[in-house]
Structure formats: C-alpha cells, structure tokens
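[1] Model the following, please.
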Amino acid sequence: MSWWGKVLGGAFGFVLGGPLGALLGAALGHTFDSGIKRLELEGFATGDQERVQTAFFTAIFGVMGHLAKADGRVSESEIQAARQIMTQMRLDEDQKKVAIALFNEGKRADFDLEGVLTQFRKECHRRTHLLQMFLEILLATALADQELHNREQALLLRVAEGIGFSRGQFEKLLAMAVAQQRFAYGGARQEPQTPPLAEAYQALGVSEDVSDAELKKAYRRLMSQHHPDKLVAKGLPQEMVKLATEKTQEIRSAYEQILKARGA
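    Sure thing, here's the model as predicted:
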C-alpha cells in the first residue's frame with residue numbers, strides 16, 4: 001500500500017506523532033467527516049520511506065501556507081503557485097483537499113514552524129538531498145510572482161536553518177533557484193527562455209571561469225542530487241516526481257547553453 005493509503009488507513013497504525021502528526025490530524029479532521037482524532041505511530045521507525053513521504057507531504061504544504069502569510073497577506077499569485085504544484089503532482093481529489101487543509105493550517109497564527117521543521121529534519125534522517133529538494137520547492141513557490149519580499153526571504157532562511165542549512169548554503173541555493181527559474185518550462189511557454197549566459201553559470205552554482213572538467217562535475221552532481229528515482233527512494237512522495245524532473249530539465253538547459261557558448 002502507498003504512503004497515502006496508509007495515511008487514510010490511520011486506524012491501522014501508519015500515521016505520525018508530534019507536531020507533524022498534529023498538523024496532519026487537523027488537516028484530515030477538517031477534510032473528512034471520519035477524520036482521525038488521535039495520531040500515533042506503530043511499527044515504522046524514523047527514516048522509513050513511507051513515513052518520510054508522509055512527513056514530506058505534510059510539512060511542505062503546511063510550511064508553504066506559512067510562507068504565503070509571511071508578508072502579512074496571502075496573495076493570489078501565492079495561492080496559484082500552491083495550486084500549480086498540486087496540479088503538477090496530479091493529486092487526486094482527496095489529496096488536494098488535504099493539501100489545501102494543510103496550507104490553511106500553515107496560515108494560522110499558532111502554526112508551530114520550529115516544531116514542524118525540527119521533526120521533519122529528524123524524520124529525513126540526514127537525507128541532505130531530500131531536505132534540499134524541500135527547500136527548493138519552497139523557494140520556487142516564493143519566487144512564483146517573480147519577486148521575493150524581505151519577510152519571505154527571512155522566513156525561508158529560518159526554514160533553511162531549521163532543517164540544517166547554513167546562511168551561506170541558503171544564499172547559494174537562493175541564487176541558483178532564481179537563475180534556474182529562468183530556464184524553466186511551464187505555463188504558457190513551450191520553450192525555455194534564453195537568459196544571459198551569466199545566469200546559466202549561476203544556475204549550476206559555478207563561476208564563469210570554471211574549467212570544462214569542473215563544469216561537467218558540477219552538472220553531474222546536480223543531476224544526481226535531483227534524480228527523481230533517487231529522491232523517491234530517500235522519501236520524496238511519488239506524486240512529486242514531476243517537480244524533480246522539471247528541476248533536472250532546468251539544470252540541463254543551463255548546462256547546454258554553456259556548452260553551446262563554449263563551442264563544445
């Protein structure tokens with residue numbers, strides 16, 4: 001049975017405790033008449049794939065809602081960004097309802113951000129690439145309206161630090177995310193944009209004077225980090241594979257632009 005089936009079958013024991021369990025329980029309770037009132041975990045240890053998938057789904061939409069409220073109000077572009085992610089994930093109707101309920105829980109003034117992040121980091125069991133994907137999805141959501149407000153950036157830094165990234169690592173990931181979005185497929189565009197060459201290097205996190213060998217190494221490292229199958233094995237919900245795939249497309253487009261400029 002999938003992680004989602006086991007969430008719905010919470011009476012059989014596969015659900016989360018702690019802040020994430022409280023968050024998921026509230027979302028399920030608001031969504032289904034037979035919502036689960038008490039969430040406990042039996043038989044699955046921290047780090048198990050399906051438990052991590054449940055934690056990822058719960059945390060991403062809860063924190064996404066909290067991020068949307070960071071500047072004092074939830075804009076239409078932020079709501080649309082969340083809906084677009086749900087569409088990309090091809091969630092079924094029940095999953096969409098729970099995702100929306102989690103998003104709304106995240107907007108609450110008493111949302112336990114630190115508790116959620118601390119537990120999520122523990123559930124991921126040092127799976128750095130999975131934690132990075134979590135942060136990158138939030139960065140993409142915040143950048144959906146083509147601007148990043150000071151409060152949003154400050155909150156994203158709190159999120160990054162809450163799951164184990166330093167300020168320096170966050171700033172590098174933010175710069176890469178900004179550049180990578182310029183290479184994105186999606187919306188009404190059928191072809192990626194052709195940004196300045198400097199942004200292609202920034203999308204790969206390398207300087208313009210990098211050697212061909214180091215460039216290839218950086219590209220292969222990023223492709224490996226975002227490989228959908230590897231991320232799913234580490235605990236990325238299967239529904240989010242398309243997000244990981246699109247990230248690899250952005251990275252590949254930037255790399256190919258650099259190769260073309262270098263005559264390779």
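[2] in which helix or strand would I find residue 104?
    Counting by DSSP states H and E, the element that carries residue 104 is helix 93-106.
[3] Could you check how far that helix is from the centre of its chain?
    Centroid displacement of helix 93-106 relative to its chain, using CA atoms, centre = their mean, to the nearest Å, is 15 Å.
[4] In the protein, where is pLDDT below threshold?
    1-2, 6, 8-15, 32-47, 185-193 (pLDDT under 70).
[5] could you pull out the helices for it?
    Per DSSP state H, the chain carries helices over the ranges 3-8, 18-31, 49-68, 76-88, 93-106, 113-124, 128-142, 150-162, 167-181, 197-204, 212-225, 228-234, 241-261.
[6] Next, the angle from the helix holding residue 104 to helix 113-124.
    In terms of direction (axes from the mean of the first three to the mean of the last three CA atoms, to 10 degrees), helix 93-106 departs from helix 113-124 by 130 degrees.
[7] Could you list the buried residues of helix 93-106?
    For helix 93-106, the neighbour count (16 or more other CB atoms under 10 Å) marks 95, 96, 97, 98, 99, 100, 101, 102, 103, 104, 105, 106 as buried. Just so you know, the C-beta spots here come from the backbone N, C-alpha and C atoms, and that holds for glycine as well.
[8] elements contacting it?
    Counting contacts by 3 or more CB pairs under 8 Å, 6 or more residues apart in numbering; DSSP states H and E, helix 93-106 packs against helix 18-31, helix 49-68, helix 76-88.
[9] nearest to residue 216, of those helices?
    helix 76-88 (29.2 Å; CB to CB).
[10] residue contacts, the residue nearest to residue 96 when sequence neighbours are not counted?
    Spatial nearest neighbour of residue 96, chain neighbours left out: residue 86 (5.5 Å); criterion: CB to CB, 6 or more residues apart in numbering. Contacts for residue 86 (CB atoms under 8 Å, 6 or more residues apart in numbering) come out as 95, 96, 99, 100.
[11] right, and the third one touches residue 91 too?
    Yes - if you go by CB atoms under 8 Å, residue 99 and residue 91 touch, sitting 6.2 Å apart.
[12] can you count the residues close to the spatially closest residue to residue 261 that is not a sequence neighbour?
    When the adjacent residues along the chain are set aside, residue 261 lies closest to residue 197, with 5.4 Å between them (CB to CB, 6+ apart). Counted with other CB atoms under 10 Å, the neighbours of residue 197 add up to 15.
[13] Ok, residue 147 next?
    9.
[14] Please report phi then psi for it.
    phi -150, psi 150 (degrees, to the nearest 10).
[15] Distance-wise, check it relative to residue 75.
    10 Å (CB to CB, to the nearest Å).
[16] quick one on the thing from earlier: which one of the helices of the chain is the most hemmed in?
    helix 49-68 (a mean of 24; mean count of other CB atoms under 10 Å).
[17] Compute the inter-axis angle for that one and helix 150-162.
    Going by the same axes, to 10 degrees, helix 49-68 makes 150 degrees with helix 150-162.
[18] so can I have CSV of the buried residues of helix 93-106 showing distance to residue 161?
    Formatted as CSV, the buried residues of helix 93-106 follow (distance: CB to CB, whole Å):
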residue, distance to residue 161
95, 30
96, 31
97, 32
98, 28
99, 25
100, 28
101, 27
102, 22
103, 23
104, 25
105, 22
106, 18
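[19] These: which two are farthest apart?
    95 and 106 (16.4 Å).
[20] on that earlier part again, tell me how far the residue nearest to residue 96 lies from residue 101.
    12 Å.
[21] again, but for residue 232
    Noted for residue 232: a distance of 24 Å to residue 101, by CB to CB.
[22] circling back: any chance of the helices and strands packed on helix 93-106 in JSON lines, with distance to residue 112 too?
    JSON lines is the format used below for the helices and strands packed on helix 93-106 (distance: least, CB to CB, whole Å):
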{"stretch": "helix 18-31", "distance to residue 112": "5"}
{"stretch": "helix 49-68", "distance to residue 112": "9"}
{"stretch": "helix 76-88", "distance to residue 112": "20"}
